[in-house]
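*Asks:* Here is a sequence with its predicted model. Questions after.
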Amino acid sequence: MSTDTASAPVFRYAAVTFDCADPAELSRFYGEMFGLPVAYASDDFVFLGGKDGAPGLGFNRLADYRRPTWPDPAQEKQAHIEVGVDDLDRAERRLLEMGATKPEAQPQPDRWRVLLDPAGHPFCITTLV
């Protein structure tokens, strides 16, 4: 392992991109959740945030996109994000109003809630500690 940091590249988190059938719809959901503006949009890709070097979220159209079927392993979730909230019940209600859905399977509902975004990606809301 090299200890020469003078030539080491700098890495910085820039974005996470979600595959989906409809980038405009999914970016609307996450943009409203996080208060992120659209920084770039085309028919097949939308990017939220990312101003002044801040990380953002991308949404990429995938022609044969198949929704995750969590908790059924037929089409695994592949990845999910954790969202910190100050009130689980209020946050859940608001996200359901925005288009999220709540699967029956809830591993630890007093600690966190699993919701699905409009494209079926699972994400968790958890109380900030």
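*Replies:* Everything's here; your move. Remember, it's a predicted structure, so these values are computed and weren't measured experimentally.
*Asks:* What sits closest to Ala100 if chain neighbours are left out?
*Replies:* What sits nearest to Ala100 in space, not counting adjacent residues and going by Cβ to Cβ, 6 or more residues apart in numbering, is Leu115, at 4.4 Å. C-beta coordinates here come from the backbone N, C-alpha and C atoms, glycine included.
*Asks:* Show me what the strand or helix carrying the one you found packs onto, helices and strands only.
*Replies:* Using DSSP states H and E, the element containing Leu115 is strand 112-116. If you count contacts as 3 or more Cβ pairs under 8 Å, 6 or more residues apart in numbering; DSSP states H and E, strand 112-116 packs onto helix 88-98, strand 122-127.
*Asks:* Quick check: buried residues in that strand?
*Replies:* Using 16 or more other Cβ atoms under 10 Å as the test for burial, strand 112-116 gives 112-116.
*Asks:* What of stretch 103-112?
*Replies:* Trp112.
*Asks:* I'd like the numbering to begin with 500 instead of 1 from here.
*Replies:* In the new count, where the first residue is 500, that last one comes out as stretch 602-611.
*Asks:* what sits against Cys519?
*Replies:* 525, 558-561, 564, 618, 620 (Cβ atoms under 8 Å, 6 or more residues apart in numbering).
*Asks:* can you redo these as TSV with neighbour count, distance to Glu581 and secondary structure?
*Replies:* As requested, these are exported to TSV (neighbours: other Cβ atoms under 10 Å; distance: Cβ to Cβ, whole Å; DSSP: H, G, I helix; E, B strand; the rest coil):
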residue	neighbour count	distance to Glu581	secondary structure
Leu525	25	18	helix
Phe558	25	19	strand
Asn559	15	21	strand
Arg560	17	25	strand
Leu561	13	23	coil
Tyr564	14	23	coil
Ala618	20	18	coil
His620	21	13	coil
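*Asks:* returning to that earlier point: adding distance to Ala513, write the buried residues of strand 611-615 out as TSV.
*Replies:* Formatted as TSV, the buried residues of strand 611-615 follow (distance: Cβ to Cβ, whole Å):
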residue	distance to Ala513
Trp611	26
Arg612	28
Val613	26
Leu614	25
Leu615	25
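*Asks:* What is the nearest of these to Gln574?
*Replies:* Nearest to Gln574 out of those is Leu615 (Cβ to Cβ; 12.3 Å).
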